[in-house]
Structure formats: C-alpha cells, structure tokens
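Q: Provided below for reference: sequence and predicted model.
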Amino acid sequence: MADGSPKTIATINFKGGVGKTTVTWCLGDVLSSMANDNVLMFDLDAQMSLTQAIALNENTGTLFDQFDKWYQKSLARKKTIFDALDAFTKTGQHFDFAVGYDFVYQISKQLHFVPSVEDLYWQELEVFDRDGVKDFVRRLLGKISNSPKLARYKHVLFDCPPSFTLLSYSVLSCCDLVLIPVNPDYFASRGVSLILNSLRLRIEPHPIPKIGVFMNKAKAQPNPTKETRFYMREVERVCQDTAQQQKINARFFKSYVRERVGIKRAITGGGVPTELVGDFQNLWKESIAFLNE
Amino acid sequence: MNEENPFNTTGEEAKRLVEEFRETKEAVREVSKRLSRIEVRMQRAFPSLMPKKAGNRREKEESVAAEPTLAPEEAMHVYDELVELARKDNHQSVHDRLAGLGVADLNVLRQELGASLGKKKPSRKALEEAVIGRIRESVLLSRHSNREQTANRPDSAPDSADDERKTD
C-alpha cells in the first residue's frame, strides 16, 4: 500500500474459538483509546460475533438502542458490506458504491466499525468468480481512504471467518499483516500449521503478506505454564520450518496474551481488562516492529 | 520345498511360524484393545462394582524416592531427539529410548512437556504414554497432505490389474 494509507491487519485462524474476534476488538480498543489513532474494524465473519458483541455493548447505551437503530438503517439503505460486494461484482471497474457513516459505524470518536451481515453466509453461492472478488477489499479501502466524509484511519483491522471465504481471500490478497492467534492446545496449533502451509498456494500470484503468530489465552501464573510453553515451542518450530519450506515471512511472536475470565466481557463490557492492556500493547508493538522491518 | 520333498524346509517352516506368530500377536493386541474398551465402559456404567486396579506400590515408591538424572534443559534435548526419531518412523527406537529412562527422568520429561496426568505418583506406563502423546502431537503438527505431491507419488499410480478386475 502507498504511504499514508492505513496499515491493514487481518486476524485469522482456520480453527474456531481461538479468540480472533476478541483480539481484533482489544487491539482496536487499545489503539484507539491509548495510542490516539483512528482505527477502523471490519467484521467479515458471517457468524457476526463481533457485530453481535458490539450490539450488546453495555457502553453504547440501552441494549438494541444506538447500534441497532444505525444497523437497521444501514440494512434498509443497502449500505452493508454485502451490498458493497454486490455492487463491486456487478459494476466491476466502476464500483459504484458511496461510503460514509451509513456504511461505517462510530463506536467511539476514534474507533469505527463496519459490521457483518447474515447475507455473507450465502455469498459463496452467489459469487463464483474468485478473481473477480480479489480486488474488492483493496478497492473498498481506497474508497474509504479517499472519502472526505470519513476519518483518516491509521489502522484497519479485519476479523476474518475461520475458513477461507471469498472475502478472506480478498483481504489476504491485499493486507499488510496476517495475525494468527493460537491457543495452548493441539487443535489450535494445527490450525496455524494448516494456514501457513496453504497460504502460498491460495494467495499466489499475489504477494504473501507478513504473518505474525502469537499465543492467545496463554495459561500463565504469571509466567506461561509448562504446557503453554510446550505449545509455544511447537508452534514456533512450525513457523520456522514452514517459513523456510514455503518461503513466507512468518514469525512466532514473543508476546502473548494471557487467559483471563474478564476477557469474555471485553467487548460487551466496553473495554480491555486492565491487567491485559499490557499484553495487547506488547503484541501491537511487536506487530508494528515486524511490519516496519 | 521341491518335487521330491513336498514338505517345508526348516528355514521355510521358521519363516512361516514367525509370520504366524506376528499375526497372532497382532490379533491378541487387537483383542486386548477391545477388552480395555469394554473394561472402561464397564467402569463407567458400574463404577462401584468394578474393582480398583492394585498399582505397583513398590515402583511408585521408587519413582518418588529416586533422584532424576536429567536436568529440565537436558530433558528437552532428549525430547527433540525422540521427535526426530518419530519423524523418521523409527518408533521402536522411541520406545527403546523411553524404556531406557528411569521413572524419575520420565517424570521430569513429562513435566517439562506440560503433560498433566492428574496423579501425584504416575506409573511408568502413564508417563511413557504422556510423552509419546506429546511426540505424536509434534509429528502431526508438521504433517500435511499435498494433493499434487500425493498424486505424483509412484504408489499412487492406478493398479492396472485392479482396474481390469473392476471392469470385468
């Protein structure tokens, strides 16, 4: 992306439940509130976890009040991510879709959000042309960056579905960094291994973004337990081996996010639990350092 | 065996017996697995009726009393070697290597791998299984099936005799 364009970061893992949504939210929250940066978050998962959690956000007012009114209006005006994709596939090069605050929801002054819609479930059936969708996210970000109506975003975060959909393909084809959260268990670690081994095959001939893998929900008291360390070691080895074999720039981060009960309420409760703020700040610092290398 | 002597030679007989022995061992192993599964289900269904296993108290006492010879870092080196052996399908060497370790060392290895057993005095068998479980995880994490590579392997070529039979 050209200078001045926002840094784009996609959170993905083919294993569900590793904390993709919570990590996306927490990074967005920490960046917008503590780094004073304008952040735009996308929910690209038809499961709508991030969208639902924001709808339940206790800080936005009464349940189903502020966000829900905006969301209903956005649906009625055909200003959802699905409508944008629909316009892109129908109008191609012209991409006739105006973006404004009827497309982007303002959670706070500096944290903005593009929600998901149920229609994304059927997107795969309606859009067959993978290459036709490839440029969608890049073009949409161009529109957002050039819109005088919207804020200048420094970072764009994507919460991707736990599968390789057309939208995740479009994001991965243009993003700067892929963040893969992993948990200290076999199945989540296997999810990392699967993505790293298939990414080149799926993305080529487009450039492969940098890939940062980190341990999420690390059991730590306060240092990681031996079980967590075992999986950190294994996943790091998988990253190193695959990076070499597949010729991708993948790295296992030293920073990790600890498992805390309070994290489940991070989105609906309106913020990152105090004791985890440092974890997300460290994760962000390492991500940016990796991006800037 | 030839025209004049229709009976097996000693060598042939030995070969046949070894084969039969191997097959029988395999069958017994399978029956043993099935019995274990039935036993577990029985224990679940009738926990009060099933007798508790009498553990080898002496072995456990030894395991607790013994001083490990492996430091935690050394244990991880041993683990890496075991993983390498397992990756090369050298499973017997893995078992032999584990069998050569003392219970206290196995316990250090198990602890370093973060494999929890929920027992204060685990048996040698439980310790070995915990370590082997971790080795399996490590091997499987790096194993991937690539359709193109698989299709190009010599053993993936269709068997012409089989094909002919199928079309008959």
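A: That came in fine, so what should we check first?
Q: Check what contacts the host helix or strand of A:Leu50 and list those residues.
A: Assessed by DSSP states H and E, A:Leu50 sits inside helix A:49-55. Where contact means Cβ atoms under 8 Å, 6 or more residues apart in numbering or on different chains, the residues beyond helix A:49-55 that reach it are A:21, A:24-25, A:41, A:43, A:60, A:63-64, A:67-68, A:71, A:105, A:107, A:113, A:115-116, A:159, A:267-268. Yep, even glycine has a C-beta here, placed from its N, CA and C like the rest.
Q: mean confidence score for it?
A: Regarding helix A:49-55, the rounded mean pLDDT is 85.
Q: Quick check: buried residues in that helix?
A: A:49-51, A:53-55 (16 or more other Cβ atoms under 10 Å in any protein chain shown).
Q: sorry, back to before: among the contacts of helix A:49-55, which ones are in strands?
A: A:41, A:43, A:105, A:113, A:159 (DSSP state E).
Q: Just the buried ones out of these, please.
A: Buried among the ones in strands among the contacts of helix A:49-55 by 16+ other Cβ under 10 Å: A:41, A:43, A:105, A:113, A:159.
Q: Retrieve the pLDDT associated with residue 10.
A: If you meant another chain, say so; for now it's chain A. On the pLDDT scale, A:Ala10 gets 95.
Q: that's the wrong chain, I wanted chain B
A: B:Thr10 is given a pLDDT of 86.
Q: got it, and B:Lys120?
A: pLDDT, read off for B:Lys120, is 73.
Q: on that earlier part again, tell me the one among the buried residues of helix A:49-55 nearest to B:Glu84.
A: A:Ser49 (40.4 Å; Cβ to Cβ).
Q: and the biggest helix by length in chain B, how far from the chain's centre?
A: For chain B, the longest helix by residue count, based on DSSP state H, is helix B:10-45. Taking Cα atoms, centre = their mean, to the nearest Å, the mean C-alpha location of helix B:10-45 is offset from the chain mean by 14 Å.
Q: I'd like to know which elements it is packed against.
A: Helices and strands touching helix B:10-45, by 3 or more Cβ pairs under 8 Å, 6 or more residues apart in numbering or on different chains; DSSP states H and E: there are none.
Q: Excluding chain neighbours, what is closest to the residue of chain B at minimum distance from chain A?
A: When scored by Cβ to the nearest Cβ, chain B has B:Gly114 as its residue closest to chain A, at 3.0 Å. Of all residues not flanking B:Gly114 in the chain, A:Glu227 sits nearest, at 3.0 Å (Cβ to Cβ, 6 or more residues apart in numbering or on different chains).
Q: related to what we said a few turns ago, now that we have the contacts of helix A:49-55, which of them are buried?
A: A:21, A:24-25, A:41, A:43, A:60, A:67, A:71, A:105, A:107, A:113, A:115-116, A:159, A:267-268.
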